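Asks: pasting the structure only:
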């Protein structure tokens, strides 16, 4: 699923996984930002230091990366492989930068679903609510 930060991707992914837990798995992304209230390392994101993530990006360990609001986000090949090893359809939570990265690598992706917020005003409210 792709779309801007705050569009509702995580909410929709959670609903899909709850409805079809045996069919879909989520690739946990890495980020250099700190956790928000209630987020858990290794469940919601892998929270990592910027230098460590930059090193692993340079080593080619990421399928896609994006720079968003001064932080780095990315999906590692390892995270995708963990889901695939369980014979589940892997869902990525990415923005348009991530889609472009996947396409550049010719990553075998069946579908991209773009999620848009109801309005720009709603998106602004959601993002400001995150701080």
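Replies: Now that the structure is in, tell me what you want to look at. Everything numeric in this text was worked out from a predicted model, so none of it was measured.
Asks: so for the strand or helix carrying residue 122, what gets flagged as buried?
Replies: Here residue 122 sits within helix 120-130, counting by DSSP states H and E. Within helix 120-130, the residues scored as buried using 16 or more other Cβ atoms under 10 Å are 123, 126. Using the backbone N, CA and C atoms, a C-beta is placed for each residue, glycine as well.
Asks: list of residues touching that helix?
Replies: The contact list for helix 120-130 (Cβ atoms under 8 Å, 6 or more residues apart in numbering) reads 4-7, 36, 117.
Asks: my guess is residue 77 contacts residue 61. True?
Replies: Yes - using Cβ atoms under 8 Å, residue 77 is in contact with residue 61, at 6.2 Å.
Asks: returning to that earlier point: most neighbours out of the contacts of helix 120-130, which is it?
Replies: When neighbours are counted by other Cβ atoms under 10 Å, residue 7 leads the contacts of helix 120-130 with 21 neighbours.
Asks: do I have it right that that residue meets residue 113?
Replies: No - Residue 7 is beyond contact range of residue 113, at 11.0 Å (criterion: Cβ under 8 Å).
Asks: got the contact list for the residue sitting nearest the centre point of the chain?
Replies: Nearest to the mean C-alpha position of the chain, by Cα atoms, centre = their mean, lies residue 93 at 3.1 Å. Shown in contact with residue 93 (Cβ under 8 Å, 6+ apart): 1, 9-10, 13, 26-27, 29.
Asks: list just the nearest of these to residue 99.
Replies: Proximity of these to residue 99 (Cβ to Cβ) peaks at residue 1, which lies at 10.1 Å.
Asks: what sits closest to the closest one if chain neighbours are left out?
Replies: Closest residue in space to residue 1, ignoring its immediate chain neighbours: residue 9 at 4.6 Å, by Cβ to Cβ, 6 or more residues apart in numbering.
Asks: for the one you found, grab phi and psi.
Replies: Main-chain torsions, residue 9, degrees, to the nearest 10: phi -60, psi -50.
Asks: any weak-confidence spans in the chain?
Replies: 107-110, 131 (pLDDT under 70).
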